[in-house]
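Participant: Sequence first, then the predicted structure, then my questions.
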Amino acid sequence: MDDFSDRIIDWQRRHGRHTLPWQNTHDPYRIWLSEIMLQQTQVATVIPYYERFLQRFPTIVDLARAPEEDVMALWAGLGYYSRARNLHACARRVDTEWNGRFPPDAAAIAELPGIGRSTAAAIAAFAYGERSPILDGNVKRVFARYFGIEGDPTKRPVEMRMWALAETHLPPPGPDAADAMRSYTQGLMDLGATLCTRGNPDCGVCPVRAGCVALREARQHELPTPRERKAVPERRTGMLVIEKAGEILLQRRPSPGIWGGLWSLPEFPGDDAAAACLTLGVTAAAAARLPTFSHGFTHFKLHIEPWHVQAGALALRDDGVPQIWLPAGELEGAALPAPVKKLLQGLFRRGELL
DNA sequence: AAAGCGGGGAT
DNA sequence: ATCCCAGCTTT
């Protein structure tokens, strides 16, 4: 008998959610649809999308045989559009390879596009009551704390330990195993999402507080071990604040790309601002270095070295990059990258921009 | 502004 | 077979 799973199940049945639209069915199609949507979006946002999908595509075969653009249009607003394409590809494979019926177990479900081991297990548990463990981000956090597991859970060795624990602590087989699996799987998700949260775990009312290593050692806030923040590569760029009669020269950023489609300051690779101006067709009457500042992106850190240039003679080159002169007073409403807007507004407020 | 996130794709 | 990322959210 497993104390851990018993407590999770009991807690879920008393305090968990039971009325979400995808909880009143064992239809693997509906459960799969909800799991894919919930991977990236919170419940309140998902519900209207989920219901629109079911109205438009009552069965997985309807979804499989719809044009991709219809699927994408219904998905619009949920984000992560590659997952919508996987959703459609998955439906088509279930239609053609499985005769429109979802595969019968988690192992086969995990072969489908957009579905990994954890999502496959969740579908199999909710749809079939299969005794197969999930291990998503919420569950990793619960396990790291409850079992006192150190190390980055996204790393191979730690993740393997957690999968082993997930197998070990499944509700035991038996006549009630299918119902137990449904409650247990939902309970683990609910616990991680509502009580055992990242920043502020509510340990006082946790159903497994009696056995929790992290709580006993007061290490809830240290576990799970944060992933090692890899040193992000750093780059530098010169940026030109070219001013002429109270207006600033902006260029449209190419799309796709960093800041794609936004208006930004001209950039140049070296540290010769006057030469960079000349390539644009601007003669610099005066050029002054402004303080360097940095901006962090997901994959690198950018050190920006801005120059303030008073334009003299002008003969702007047309090299295909759209350019505009922005009156300094119209900074507020302009579609500029946040750090660029901040730089320009700072200059404007200090009266360094006319 | 920084950290988190499941699966796909790259290596 | 293993590592890293894209693209979006929450804190």
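Facilitator: Here it is on my side, so go on. Numbers count the residues shown, from 1 in each chain, chains lettered A, B, ... in the order given.
Participant: nearest residue to the residue in chain A that DNA strand C sits nearest to other than its sequence neighbours?
Facilitator: Minimum separation of chain A from DNA strand C (C-beta to the nearest atom of the strand) falls at residue A:79, amounting to 2.6 Å. Yep, even glycine has a C-beta here, placed from its N, CA and C like the rest. Spatial nearest neighbour of residue A:79, excluding adjacent residues (C-beta to C-beta, 6 or more residues apart in numbering): residue A:40 at 6.3 Å.
Participant: Run a quick neighbour tally on that neighbour.
Facilitator: Using other C-beta atoms under 10 Å, residue A:40 has 12 other residues around it.
Participant: residues touching the residue nearest in space to the middle of chain A, list them.
Facilitator: With distances taken as C-alpha atoms, centre = their mean, residue A:40 lies nearest the centre of chain A, 6.3 Å away. Residues in contact with residue A:40, defined by C-beta atoms under 8 Å, 6 or more residues apart in numbering, are A:78, A:79, A:80, A:83.
Participant: Determine if any part of the helix or strand harbouring residue A:124 is in contact with DNA strand B.
Facilitator: Using DSSP states H and E, residue A:124 falls within helix A:117-128. Yes - part of helix A:117-128 sits near DNA strand B under the criterion C-beta under 7 Å from any atom of the strand, namely A:117, A:118, A:119, A:120.
Participant: wait, the first one sits on residue A:123?
Facilitator: No - the criterion here is C-beta atoms under 8 Å, and residue A:117 misses it with residue A:123 at 11.1 Å.
Participant: Looking at the two, which one has more neighbours?
Facilitator: Legend: neighbour count by other C-beta under 10 Å for residue A:117 and residue A:123, higher for residue A:123 (29 against 16).
Participant: In contact with the more buried one, which residues?
Facilitator: Counting by C-beta under 8 Å, 6+ apart, residue A:123 makes contact with A:28, A:31, A:32, A:35, A:102, A:106, A:109, A:115.
Participant: Let me know the pLDDT of the closest residue to the last one other than its chain neighbours.
Facilitator: Spatial nearest neighbour of residue A:115, excluding adjacent residues (C-beta to C-beta, 6+ apart): residue A:109 at 5.9 Å. At residue A:109 the predicted local distance difference test score is 95.
Participant: does the residue of chain A most remote from its centre sit in a helix, a strand or a coil?
Facilitator: Within chain A, the residue lying farthest from the chain centre (C-alpha atoms, centre = their mean) is residue A:313, at 47.6 Å. Classification of residue A:313 by DSSP: H, G, I helix; E, B strand; the rest coil places it in strand.
Participant: Same check on residue A:243?
Facilitator: Per three-state DSSP, residue A:243 ends up strand.
Participant: so how many other residues sit close to the nearest residue to it once chain neighbours are set aside?
Facilitator: Distances taken as C-beta to C-beta, 6+ apart place residue A:310 nearest to residue A:243, at 5.8 Å, with adjacent residues excluded. For residue A:310, the neighbour count with other C-beta under 10 Å is 16.
Participant: re earlier: where do the contact lists of residue A:117 and residue A:123 overlap?
Facilitator: When C-beta under 8 Å, 6+ apart defines a contact, the residues bordering residue A:117 and residue A:123 alike are residue A:106.
Participant: Around DNA strand B, which positions in the stretch 151-300 of chain A sit nearby?
Facilitator: A:198, A:226, A:227, A:229, A:295, A:296, A:298.
Participant: try 10 Å this time
Facilitator: Residues of the stretch 151-300 of chain A lying near DNA strand B by C-beta under 10 Å from any atom of the strand: A:152-154, A:189, A:192-193, A:197-199, A:224-230, A:232, A:293-298.
Participant: Tell me the spacing between the one residue in chain A that gets nearest to DNA strand B and residue A:110.
Facilitator: DNA strand B sits closest to residue A:116 of chain A, with a gap of 2.3 Å, by C-beta to the nearest atom of the strand. For residue A:116, the distance to residue A:110 (C-beta to C-beta, to the nearest Å) stands at 6 Å.
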